[in-house]
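*Asks:* What follows is a predicted structure for the sequence shown.
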Amino acid sequence: MRELSTELADPAAPLTLQLRIETPENVVLNYQLAGPAPRLLAYLIDFGLRVASMGGLCVALTPLAALFPGSAVGFWFVAWFLNSWGYYAISEGFFKGKTIGKHALGLRVIHEKGHPITFWPAVLRNLVRAADGLPYFLHGIGFVSTLLTRNFQRLGDLAARTVVIAERVVVLPTEPVILERIQPLSRDELGSYVPPAEMLTAIDHFLGRRYVLSHDRGHEIASLLAKPLARRLNYRGDPNLVTQYPMAFLARVYVTFLRRPDEADVEARELRPRTAAAGAAR
(Lines give C-alpha, C1' and ligand atoms only; values in the text may rest on other atoms or scores of the structure.)
Protein backbone atom coordinates (compact mmCIF):
# COMPACT_ATOMS: atom_id res chain seq x y z
CA MET A 1 0.00 0.00 0.00
CA ARG A 2 1.08 3.56 -0.48
CA GLU A 3 -0.17 6.89 0.69
CA LEU A 4 -2.28 8.66 -1.84
CA SER A 5 -1.92 12.24 -0.71
CA THR A 6 1.39 13.96 -1.38
CA GLU A 7 0.60 16.39 1.41
CA LEU A 8 1.44 13.71 3.95
CA ALA A 9 4.94 13.41 2.54
CA ASP A 10 5.50 17.15 2.19
CA PRO A 11 6.79 18.73 5.42
CA ALA A 12 5.51 22.12 4.28
CA ALA A 13 1.95 20.84 3.85
CA PRO A 14 -0.60 22.03 6.45
CA LEU A 15 -1.31 19.70 9.35
CA THR A 16 -4.49 17.67 8.83
CA LEU A 17 -6.40 14.95 10.62
CA GLN A 18 -7.20 13.18 7.36
CA LEU A 19 -5.18 10.11 6.39
CA ARG A 20 -5.78 8.80 2.86
CA ILE A 21 -4.29 5.49 1.74
CA GLU A 22 -4.55 3.72 -1.61
CA THR A 23 -4.30 -0.07 -1.63
CA PRO A 24 -2.73 -2.12 -4.47
CA GLU A 25 -6.32 -2.84 -5.58
CA ASN A 26 -6.81 0.93 -6.14
CA VAL A 27 -9.20 1.16 -3.18
CA VAL A 28 -8.92 4.48 -1.36
CA LEU A 29 -9.18 4.28 2.43
CA ASN A 30 -10.00 7.44 4.37
CA TYR A 31 -9.27 7.70 8.07
CA GLN A 32 -9.53 10.48 10.60
CA LEU A 33 -6.48 10.60 12.86
CA ALA A 34 -6.95 11.02 16.60
CA GLY A 35 -5.21 14.09 17.98
CA PRO A 36 -3.25 14.30 21.25
CA ALA A 37 -6.21 15.52 23.34
CA PRO A 38 -8.58 12.52 22.87
CA ARG A 39 -5.64 10.12 23.13
CA LEU A 40 -4.60 11.67 26.44
CA LEU A 41 -8.16 11.45 27.74
CA ALA A 42 -8.36 7.78 26.71
CA TYR A 43 -5.07 7.17 28.53
CA LEU A 44 -6.42 8.81 31.69
CA ILE A 45 -9.50 6.57 31.58
CA ASP A 46 -7.34 3.47 31.19
CA PHE A 47 -4.96 4.69 33.91
CA GLY A 48 -7.86 5.25 36.31
CA LEU A 49 -9.19 1.76 35.64
CA ARG A 50 -5.75 0.23 36.16
CA VAL A 51 -5.27 2.09 39.46
CA ALA A 52 -8.74 1.06 40.65
CA SER A 53 -8.09 -2.59 39.77
CA MET A 54 -4.78 -2.62 41.63
CA GLY A 55 -6.43 -0.93 44.61
CA GLY A 56 -9.12 -3.60 44.68
CA LEU A 57 -6.43 -6.27 44.45
CA CYS A 58 -4.64 -4.77 47.46
CA VAL A 59 -7.81 -5.02 49.50
CA ALA A 60 -8.33 -8.61 48.37
CA LEU A 61 -4.74 -9.60 49.22
CA THR A 62 -4.73 -8.06 52.69
CA PRO A 63 -5.96 -11.24 54.47
CA LEU A 64 -3.56 -13.38 52.43
CA ALA A 65 -0.62 -11.09 53.25
CA ALA A 66 -1.09 -11.73 56.96
CA LEU A 67 -0.86 -15.50 56.49
CA PHE A 68 1.47 -15.83 53.49
CA PRO A 69 3.37 -12.56 53.09
CA GLY A 70 5.82 -13.95 50.53
CA SER A 71 3.12 -15.39 48.30
CA ALA A 72 1.06 -12.22 48.51
CA VAL A 73 4.01 -10.04 47.50
CA GLY A 74 4.90 -12.37 44.60
CA PHE A 75 1.31 -12.39 43.35
CA TRP A 76 1.25 -8.61 43.65
CA PHE A 77 4.30 -8.18 41.42
CA VAL A 78 2.87 -10.56 38.80
CA ALA A 79 -0.40 -8.61 38.80
CA TRP A 80 1.48 -5.31 38.63
CA PHE A 81 3.47 -6.54 35.62
CA LEU A 82 0.34 -7.68 33.78
CA ASN A 83 -1.43 -4.44 34.68
CA SER A 84 1.44 -2.26 33.47
CA TRP A 85 2.59 -4.16 30.37
CA GLY A 86 -0.09 -6.66 29.48
CA TYR A 87 -3.20 -4.48 29.66
CA TYR A 88 -2.48 -2.43 26.54
CA ALA A 89 -0.84 -5.19 24.50
CA ILE A 90 -3.61 -7.72 25.16
CA SER A 91 -6.41 -5.19 24.68
CA GLU A 92 -5.06 -3.75 21.43
CA GLY A 93 -3.81 -7.09 20.10
CA PHE A 94 -7.01 -9.08 20.64
CA PHE A 95 -9.81 -6.49 20.77
CA LYS A 96 -9.46 -4.73 17.41
CA GLY A 97 -6.89 -2.18 18.56
CA LYS A 98 -8.97 -0.88 21.45
CA THR A 99 -8.55 -0.50 25.16
CA ILE A 100 -11.49 0.41 27.37
CA GLY A 101 -10.52 4.07 27.24
CA LYS A 102 -10.14 4.05 23.46
CA HIS A 103 -13.47 2.27 23.08
CA ALA A 104 -15.18 4.88 25.27
CA LEU A 105 -13.88 7.68 23.05
CA GLY A 106 -14.27 5.87 19.70
CA LEU A 107 -10.54 5.47 19.05
CA ARG A 108 -8.70 2.51 17.54
CA VAL A 109 -5.11 1.54 16.75
CA ILE A 110 -4.41 0.33 13.20
CA HIS A 111 -1.32 -0.24 11.08
CA GLU A 112 -0.19 2.89 9.25
CA LYS A 113 -0.97 1.13 5.94
CA GLY A 114 -4.63 0.73 6.87
CA HIS A 115 -4.97 -2.89 7.99
CA PRO A 116 -5.85 -3.97 11.58
CA ILE A 117 -3.12 -4.25 14.16
CA THR A 118 -2.02 -7.73 15.25
CA PHE A 119 -0.68 -8.96 18.58
CA TRP A 120 3.08 -8.59 18.08
CA PRO A 121 2.95 -5.00 16.76
CA ALA A 122 0.73 -4.26 19.77
CA VAL A 123 3.42 -5.74 22.05
CA LEU A 124 6.16 -3.70 20.37
CA ARG A 125 4.05 -0.56 20.47
CA ASN A 126 3.56 -0.86 24.21
CA LEU A 127 7.09 -1.98 25.08
CA VAL A 128 8.26 1.44 23.91
CA ARG A 129 5.67 2.98 26.24
CA ALA A 130 8.42 3.01 28.90
CA ALA A 131 10.28 5.64 26.87
CA ASP A 132 7.07 7.48 25.92
CA GLY A 133 6.09 7.67 29.57
CA LEU A 134 9.15 9.69 30.65
CA PRO A 135 8.94 11.55 32.90
CA TYR A 136 7.22 8.68 34.68
CA PHE A 137 3.44 8.53 34.18
CA LEU A 138 3.36 11.98 32.56
CA HIS A 139 4.03 10.76 29.01
CA GLY A 140 5.92 13.93 28.25
CA ILE A 141 8.09 12.41 25.51
CA GLY A 142 5.10 10.63 23.97
CA PHE A 143 3.03 13.82 24.02
CA VAL A 144 5.80 15.83 22.37
CA SER A 145 6.27 13.10 19.77
CA THR A 146 2.59 13.25 18.78
CA LEU A 147 2.92 17.00 18.26
CA LEU A 148 6.03 16.72 16.09
CA THR A 149 4.94 13.86 13.79
CA ARG A 150 2.50 14.39 10.94
CA ASN A 151 0.30 11.42 11.84
CA PHE A 152 0.38 12.12 15.60
CA GLN A 153 2.57 9.10 16.35
CA ARG A 154 4.36 8.61 19.64
CA LEU A 155 7.60 6.63 19.79
CA GLY A 156 5.74 3.35 20.16
CA ASP A 157 3.69 4.12 17.06
CA LEU A 158 6.82 4.89 15.08
CA ALA A 159 8.45 1.63 16.18
CA ALA A 160 5.40 -0.52 15.41
CA ARG A 161 4.29 1.57 12.39
CA THR A 162 0.84 2.22 13.83
CA VAL A 163 -1.54 5.16 14.01
CA VAL A 164 -4.53 5.94 16.21
CA ILE A 165 -7.72 6.83 14.36
CA ALA A 166 -11.11 8.13 15.40
CA GLU A 167 -13.88 5.83 14.26
CA ARG A 168 -16.71 7.51 12.41
CA VAL A 169 -20.28 6.26 12.39
CA VAL A 170 -21.66 6.44 8.85
CA VAL A 171 -25.42 6.44 8.34
CA LEU A 172 -26.29 5.44 4.80
CA PRO A 173 -29.24 7.24 3.22
CA THR A 174 -32.29 5.10 2.58
CA GLU A 175 -35.26 5.45 0.26
CA PRO A 176 -38.48 3.57 0.96
CA VAL A 177 -39.56 0.96 -1.55
CA ILE A 178 -42.81 2.01 -3.23
CA LEU A 179 -44.64 -1.30 -3.00
CA GLU A 180 -47.68 -0.17 -4.95
CA ARG A 181 -45.58 0.21 -8.12
CA ILE A 182 -44.06 -3.27 -7.97
CA GLN A 183 -45.94 -6.18 -9.48
CA PRO A 184 -45.66 -9.41 -7.49
CA LEU A 185 -44.58 -12.61 -9.17
CA SER A 186 -47.26 -15.03 -10.30
CA ARG A 187 -47.71 -18.01 -8.01
CA ASP A 188 -47.74 -20.22 -11.10
CA GLU A 189 -44.12 -19.23 -11.76
CA LEU A 190 -42.91 -20.31 -8.33
CA GLY A 191 -42.41 -23.51 -6.40
CA SER A 192 -43.30 -24.18 -2.78
CA TYR A 193 -40.26 -22.49 -1.23
CA VAL A 194 -40.99 -19.46 0.95
CA PRO A 195 -38.04 -17.12 1.69
CA PRO A 196 -37.45 -16.63 5.42
CA ALA A 197 -38.18 -13.32 7.07
CA GLU A 198 -34.45 -12.61 7.50
CA MET A 199 -33.93 -12.79 3.72
CA LEU A 200 -36.85 -10.46 3.06
CA THR A 201 -35.42 -8.01 5.60
CA ALA A 202 -32.03 -8.13 3.89
CA ILE A 203 -33.69 -7.46 0.51
CA ASP A 204 -35.60 -4.54 2.04
CA HIS A 205 -32.39 -3.00 3.42
CA PHE A 206 -30.58 -3.46 0.13
CA LEU A 207 -33.36 -1.91 -1.93
CA GLY A 208 -33.61 0.98 0.54
CA ARG A 209 -29.95 1.83 -0.13
CA ARG A 210 -30.03 1.22 -3.87
CA TYR A 211 -29.44 4.92 -4.66
CA VAL A 212 -26.04 4.80 -2.93
CA LEU A 213 -24.80 2.49 -5.70
CA SER A 214 -24.54 3.02 -9.42
CA HIS A 215 -27.04 1.21 -11.63
CA ASP A 216 -24.52 -1.35 -12.87
CA ARG A 217 -23.01 -1.95 -9.44
CA GLY A 218 -26.46 -2.40 -7.90
CA HIS A 219 -27.39 -5.09 -10.42
CA GLU A 220 -23.99 -6.75 -9.96
CA ILE A 221 -24.51 -7.07 -6.21
CA ALA A 222 -28.17 -8.04 -6.54
CA SER A 223 -27.32 -10.88 -8.92
CA LEU A 224 -25.33 -12.60 -6.16
CA LEU A 225 -28.64 -13.28 -4.39
CA ALA A 226 -31.08 -13.19 -7.30
CA LYS A 227 -29.64 -16.15 -9.21
CA PRO A 228 -29.49 -18.68 -6.34
CA LEU A 229 -32.82 -17.42 -5.03
CA ALA A 230 -34.43 -17.97 -8.42
CA ARG A 231 -33.18 -21.56 -8.43
CA ARG A 232 -34.41 -22.08 -4.87
CA LEU A 233 -37.82 -20.68 -5.79
CA ASN A 234 -37.91 -22.85 -8.93
CA TYR A 235 -38.73 -19.67 -10.82
CA ARG A 236 -40.26 -20.46 -14.21
CA GLY A 237 -40.86 -16.94 -15.47
CA ASP A 238 -38.85 -14.69 -17.75
CA PRO A 239 -35.14 -15.59 -17.26
CA ASN A 240 -34.05 -12.13 -18.42
CA LEU A 241 -35.64 -10.69 -15.29
CA VAL A 242 -33.11 -12.60 -13.16
CA THR A 243 -30.03 -12.17 -15.34
CA GLN A 244 -30.48 -8.61 -16.63
CA TYR A 245 -32.62 -6.96 -13.95
CA PRO A 246 -31.79 -8.74 -10.68
CA MET A 247 -32.75 -5.74 -8.53
CA ALA A 248 -36.20 -5.74 -10.08
CA PHE A 249 -36.44 -9.49 -9.50
CA LEU A 250 -35.56 -9.09 -5.81
CA ALA A 251 -38.12 -6.30 -5.48
CA ARG A 252 -40.83 -8.51 -6.98
CA VAL A 253 -39.84 -11.39 -4.70
CA TYR A 254 -40.03 -9.03 -1.73
CA VAL A 255 -43.51 -7.83 -2.67
CA THR A 256 -44.70 -11.37 -3.43
CA PHE A 257 -43.83 -12.78 -0.03
CA LEU A 258 -44.24 -9.68 2.08
CA ARG A 259 -47.15 -10.08 4.47
CA ARG A 260 -48.30 -6.93 6.11
CA PRO A 261 -49.96 -7.27 9.54
CA ASP A 262 -53.31 -5.97 8.29
CA GLU A 263 -53.30 -8.41 5.36
CA ALA A 264 -52.41 -11.29 7.67
CA ASP A 265 -55.32 -10.38 9.98
CA VAL A 266 -57.74 -10.30 7.05
CA GLU A 267 -56.54 -13.68 5.83
CA ALA A 268 -56.85 -15.14 9.32
CA ARG A 269 -60.41 -13.85 9.68
CA GLU A 270 -61.35 -15.32 6.33
CA LEU A 271 -59.73 -18.64 7.18
CA ARG A 272 -61.50 -19.15 10.52
CA PRO A 273 -65.06 -19.38 9.13
CA ARG A 274 -63.93 -21.85 6.43
CA THR A 275 -62.17 -23.97 9.07
CA ALA A 276 -65.23 -23.93 11.33
CA ALA A 277 -67.52 -24.90 8.45
CA ALA A 278 -65.25 -27.74 7.48
CA GLY A 279 -65.25 -29.02 11.10
CA ALA A 280 -69.05 -28.90 11.28
CA ALA A 281 -69.31 -30.85 8.02
CA ARG A 282 -67.20 -33.64 9.50
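*Replies:* Everything's here; your move.
*Asks:* for the stretch 1-150 of the chain, what spans make up the helices?
*Replies:* Taking DSSP state H, counting those that start in this stretch, the helices of the stretch 1-150 of the chain run over residues 36-67, 69-81, 87-94, 100-105, 119-127, 129-132, 140-148.
*Asks:* What residues of the longest one count as buried?
*Replies:* Within helix 36-67, the residues scored as buried using 16 or more other C-beta atoms under 10 Å are 36, 38-39, 42-43, 45-46, 49-50, 61. (Glycine included, C-beta is placed from N, CA and C.)
*Asks:* repeat for the fourth one
*Replies:* Buried residues in helix 100-105, defined by neighbour count with 16+ other C-beta under 10 Å: 101-103, 105.
*Asks:* Turn those residues into a markdown table, columns for distance to His111 and pLDDT.
*Replies:* As requested, those are exported to a markdown table (distance: C-beta to C-beta, whole Å; pLDDT from 0 to 100):
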| residue | distance to His111 | pLDDT |
| --- | --- | --- |
| Gly101 | 20 | 95 |
| Lys102 | 16 | 94 |
| His103 | 19 | 94 |
| Leu105 | 20 | 94 |
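*Asks:* which intervals of this structure have sub-threshold pLDDT?
*Replies:* For the chain, applying pLDDT under 70 flags the ranges 1-15, 23-27, 136-139, 170-178, 259-282.
*Asks:* now the strands: where do they sit in the stretch 151-282 of the chain?
*Replies:* Here the stretch 151-282 of the chain has its strands, by DSSP state E, counting those that start in this stretch, at 162-166.
*Asks:* what separates Val78 from Gly133, distance-wise?
*Replies:* 21 Å (C-beta to C-beta, to the nearest Å).
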